[in-house]
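Colleague: For reference, the sequence and a predicted model appear below.
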Amino acid sequence: MSVSGTRDGTRKGAGSGVGPALRRFEIMAFVVGVGLLILCLEVVLHYGFDNDSLAWWSPIHGVLYLLYVVTTADLGMRVRWSLGRMVGVMLAGVVPFFSFVMERKVARELHGR
Amino acid sequence: MLRNALRPRWLALLALVLLVCAAFSWMGSWQLGVARDKGAEQARREVATSPRVPLEQVLQPQQGFPVVADGRRVGVRGQYDPGRHVLVSGRLQHGVSGWWVVTAVRTSAGAWLPVVRGWVPSPSDPAVSADRVPTGPVLLQGVLQPDDPPAEGAAPVGSESGAGSGSARTPEQLRALDAAELVNLWGAPIYNGFLVLTGEQRVQQTAGQPTGMVAGPQRVPPPTVQPSGLAWRNVAYAVQWWVFAGFALVLWWKMVAQDAREREAAERGGMDDGGTA
């Protein structure tokens, strides 16, 4: 997930500030990916073992996911994603492990790496 | 920009966004409802497990009924007055409509405390009888409740006996348990609120009295408290749903604005790259 960007990985017609926006997106995609795994553990503990010791995590994860959605929208608008693409990337954040995949995909695409 | 927002394409998207907002708001309200239910459940558990306190610590005669007294388990020492004895109609017990048997207890503060001693399916039930009221000083345990709201047309349902007459066979029947009404029957001072009895003991056994308590009417289960607390986690979920709904709207507006800027730039015949800086 490293951004090797001194150059803004801009392609045709993309707006300014794509580099920092991509970096914010990558950080949030990683955070939400890890957070989602914690959330899965919470759900297993709650329903499988009647254990609520991780219950405090869910509302925090909600806030983190909101930040992920905001950074996704920010990046998506800068690089002219279609609405469908934007929503697709946002929803990738609710599928365990998929946000990692999506983050790599987006970074590769925008960096041309 | 507003003109741009009114283009069919953006209006259609707005309709979609509003649908999403409605769904999210609904989810938010649902979580708020869950929060209320959980909060009430927590409050109930807290009250049920909070230690019993002497009545005078939470409630004084002739004073307003404080929130902290609602559902509070208290102990009180006093003496029943079999002459101050009413029935309150329209009370459900396990789904059956009946009457509450309410008898005044004179507390050490010298005031009347209405005590719900139990429930009867009919006003002529033998358990209503005044001779089933324990005599002498008693220790009572129970749960405090605020007065009922005054009943419409709060006149007594039936008054076959004179108020407060000690030999009352059929006690006064009321629609609501309300100190403002009881004070007319029993006199002052009186407590606002009442006690739902959960236990009673005689203070001392004298030789002439039977050792056991007389069988009173069937006890009323301790009531549940009014919802007061909220479960903060579900409140957080509710807020998050609403924030997401708001964000969907913001995103729509941002997209309209970006589109408008690009159109303007294109119309000006400038660079086809909108620039958006």
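Modeller: That came through, no problem.
Colleague: so who does the residue in chain B that chain A sits nearest to touch?
Modeller: Residue nearest to chain A within chain B (C-beta to the nearest C-beta): B:Ala236, separated by 3.6 Å. C-beta: built from backbone N, CA, C; applies to glycine. With C-beta atoms under 8 Å, 6 or more residues apart in numbering or on different chains as the criterion, the residues that contact B:Ala236 are A:59, A:62.
Colleague: Tell me the spacing between it and A:Ser58.
Modeller: Computed as C-beta to C-beta, to the nearest Å, the B:Ala236 to A:Ser58 distance reads 8 Å.
Colleague: Checking my notes, B:Pro82 in a strand, right?
Modeller: Yes. Counting by DSSP: H, G, I helix; E, B strand; the rest coil, B:Pro82 is located in a strand.
Colleague: My guess is it contacts B:Ser129. True?
Modeller: No. Contact status for B:Pro82 versus B:Ser129: not in contact, 9.0 Å apart, counting by C-beta atoms under 8 Å.
Colleague: helix or strand for B:Trp100, which one?
Modeller: strand B:96-107 (DSSP states H and E).
Colleague: burial of B:Arg219, as a residue count?
Modeller: Using other C-beta atoms under 10 Å in any protein chain shown, B:Arg219 is surrounded by 17 other residues.
Colleague: And it, how far from A:Leu83?
Modeller: Using C-beta to C-beta, we find B:Arg219 at a distance of 64 Å from A:Leu83.
Colleague: again with A:Pro59
Modeller: When distance is defined by C-beta to C-beta, A:Pro59 is 28 Å away from A:Leu83.
Colleague: can you check B:Gln141 too?
Modeller: To A:Leu83, B:Gln141 is 65 Å away according to C-beta to C-beta.
Colleague: quick one: low-confidence ranges for the stretch 101-250 of chain B?
Modeller: Applying pLDDT under 70 to the stretch 101-250 of chain B flags the ranges B:151-170, B:205-214, B:223-230.
Colleague: same deal with chain A?
Modeller: Applying pLDDT under 70 to chain A flags residues A:1-15, A:112-113.
Colleague: For it, what lies in contact range of chain B?
Modeller: Contact residues, chain A versus chain B (C-beta under 8 Å from any C-beta of the partner chain): A:13, A:15-16, A:55-56, A:58-59, A:62-63, A:66, A:69-70, A:73, A:77, A:83.
Colleague: What is the burial count for B:Gly216?
Modeller: B:Gly216 is flanked by 19 other residues according to other C-beta under 10 Å.
Colleague: Might one say that B:Val20 is in contact with B:Ala248?
Modeller: Yes. Taking contacts as C-beta under 8 Å, B:Val20 lies within contact range of B:Ala248: 5.2 Å.
Colleague: quick one: which of the two has more around it?
Modeller: Neighbours per residue, other C-beta under 10 Å: of B:Val20 and B:Ala248, the larger number sits with B:Ala248, 21 against 16.
Colleague: helix or strand for that one, which one?
Modeller: Element membership for B:Ala248 (DSSP H and E) is helix B:232-267.
Colleague: A:Pro59 and A:Leu83: which is more packed in?
Modeller: Ranked by neighbour count (other C-beta under 10 Å), A:Pro59 and A:Leu83 place A:Pro59 first, with 17 against 13.
Colleague: now the closest residue to that one other than its chain neighbours: how far from A:Gly62?
Modeller: Leaving out its chain neighbours, the residue that sits closest to A:Pro59 by C-beta to C-beta, 6 or more residues apart in numbering or on different chains is B:Ala236, at 3.6 Å. Separation of B:Ala236 from A:Gly62 (C-beta to C-beta): 7 Å.
Colleague: ok, now A:Asp52?
Modeller: Distance of A:Asp52 to A:Gly62, given as C-beta to C-beta: 17 Å.
Colleague: out of these two, which sits in the busier spot?
Modeller: In this view A:Asp52 and A:Gly62 are compared by other C-beta under 10 Å, and A:Gly62 has more residues nearby, 19 against 11.
Colleague: check contacts around the more buried one.
Modeller: B:236-237, B:240.
Colleague: 10 Å instead, please
Modeller: By C-beta atoms under 10 Å, 6 or more residues apart in numbering or on different chains, the contact list for A:Gly62 reads A:35, A:39, B:233, B:236-237, B:239-241, B:243-244.
Colleague: now the helices for chain A?
Modeller: A:18-43, A:49, A:57-78, A:83-92, A:98-111 (DSSP state H).
Colleague: Determine the angle, from 0 to 180 degrees, between the third one and helix A:98-111.
Modeller: Relative orientation of helix A:57-78 with respect to helix A:98-111: 20 degrees, computed using axes from the mean of the first three to the mean of the last three C-alpha atoms, to 10 degrees.
Colleague: for the fourth one, same thing?
Modeller: Direction vectors for helix A:83-92 and helix A:98-111, defined by the same axes, to 10 degrees, enclose an angle of 140 degrees.
Colleague: Now do the buried residues in helix A:83-92.
Modeller: For helix A:83-92, the neighbour count (16 or more other C-beta atoms under 10 Å in any protein chain shown) marks A:86-87, A:89-90, A:92 as buried.
Colleague: Tell me the one of those residues nearest B:Phe194?
Modeller: The closest of these to B:Phe194 turns out to be A:Met90 (C-beta to C-beta; 55.7 Å).
Colleague: From what I see, that closest one and A:Asp74 are in contact.
Modeller: No. Look at A:Met90 against A:Asp74 with C-beta atoms under 10 Å: they stay out of range, at 11.6 Å.
Colleague: Are there residues contacting both of these two? Which ones?
Modeller: B:Leu251.
Colleague: Next one: the residue nearest to the spatial centre of chain A from chain B, what distance?
Modeller: Centroid-nearest residue in chain A: A:Ala29, 2.5 Å away (criterion: C-alpha atoms, centre = their mean). From A:Ala29 across to chain B, the span is 17 Å (C-beta to the nearest C-beta, to the nearest Å).
Colleague: Alright, calling it a day.
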